[in-house]
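Visitor: Give me the fold of what follows.
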Amino acid sequence: MAVDPNATARWLLRSAIVLRDGPHRGAVAGWLDAHGAPAFAYPEITGYYLSWLASLPDDTGTPGEVLSAGRAAAGWALRLASGAVPLQTRFHLDATAADWRNDALFTFDLAMLARGLADFGRMSGETPASLPVLLERLSTACAPGLPLPVCFDRRNALPSRWSTREGPFQLKTAAAILFGVEHAPQDLQAAAWST
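Guide: Alright, predicted model coming up:
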């Protein structure tokens, strides 16, 4: 049986993993539920998606499909960065869903989104307007002489988990800022180097 090398790319471009309408249009879901519907829009995964789009060969999908997907994801990021949609870690489509991860903003998630926006900007030649706003938001979390915080804008106490404590995963956050985006604010770069 022959394997179609573009099957995964087509699925990622056309499936329900990408939200097609509503306030989260263009975002990528963290996962699909048992019925194949998106459970929540996820900035971190949307950042990975943008980086993936930027890596695709020109003949992937139909003409313009990759650019259209990237523009939609960057548009969602702009709505987040501008405050049109309040920034949080996971945007559950079921409004009754509670998630402790939304009790703070995580630098890792925002750094992955920023890196994805930068990757897509380099590929498309279109600098996403959300990128400088998002970098400035990350910059406000930094204190002089200290490494990047794991999270900021805490609203409640967080459980003690790997993602809420300092650890090696922060190197990925720092690398995304230092080597994945251009023109990050100086205090954000300094905190990334300290990390």
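Visitor: Other residues contacting stretch 86-100?
Guide: Contact partners of stretch 86-100, identified using Cβ atoms under 8 Å, 6 or more residues apart in numbering, comprise 24, 27, 30, 37-44, 80-81, 85, 101-102, 104-106, 109, 137, 156, 158-159. Any C-beta I mention is one placed from the backbone N, CA and C, and that applies to glycine too.
Visitor: which regions of this protein sit below the pLDDT cut-off?
Guide: 1, 3, 5, 58-63 (pLDDT under 70).
Visitor: So which residues of it form helices?
Guide: 7-14, 43-55, 65-81, 107-124, 130-139, 170-180, 186-194 (DSSP state H).
Visitor: Among the contacts of stretch 86-100, which ones are in strands?
Guide: 40-41, 105-106 (DSSP state E).
Visitor: Most neighbours out of those, which is it?
Guide: Ala41 (26 neighbours; other Cβ atoms under 10 Å).
Visitor: what's the spacing between Pro159 and Glu136?
Guide: 29 Å (Cβ to Cβ, to the nearest Å).
Visitor: Those two - which one has more neighbours?
Guide: Glu136 (13 against 9).
Visitor: who's in contact with the more buried one?
Guide: Glu136 touches Pro185, counting by Cβ under 8 Å, 6+ apart.
Visitor: please redo it, this time with the cut-off set to 6 Å
Guide: Contacts for Glu136 (Cβ atoms under 6 Å, 6 or more residues apart in numbering) come out as none.
Visitor: Of all the helices of the chain, which one is nearest Ser163?
Guide: helix 107-124 (7.4 Å; Cβ to Cβ).
Visitor: ok, for the residue nearest the centre of the chain, nearest residue in space, not its chain neighbours?
Guide: By Cα atoms, centre = their mean, the chain has its centre lying nearest to Leu113, at 2.7 Å. Spatial nearest neighbour of Leu113, chain neighbours left out: Gly47 (3.8 Å); criterion: Cβ to Cβ, 6 or more residues apart in numbering.
Visitor: likewise Trp52?
Guide: For Trp52, the spatially nearest residue (Cβ to Cβ, 6+ apart) is Leu12, at 7.1 Å.
Visitor: Show me which residues of stretch 187-195 are buried.
Guide: By neighbour count on 16 or more other Cβ atoms under 10 Å, the buried set for stretch 187-195 is 187-192, 195.
Visitor: Great, nothing more from me.
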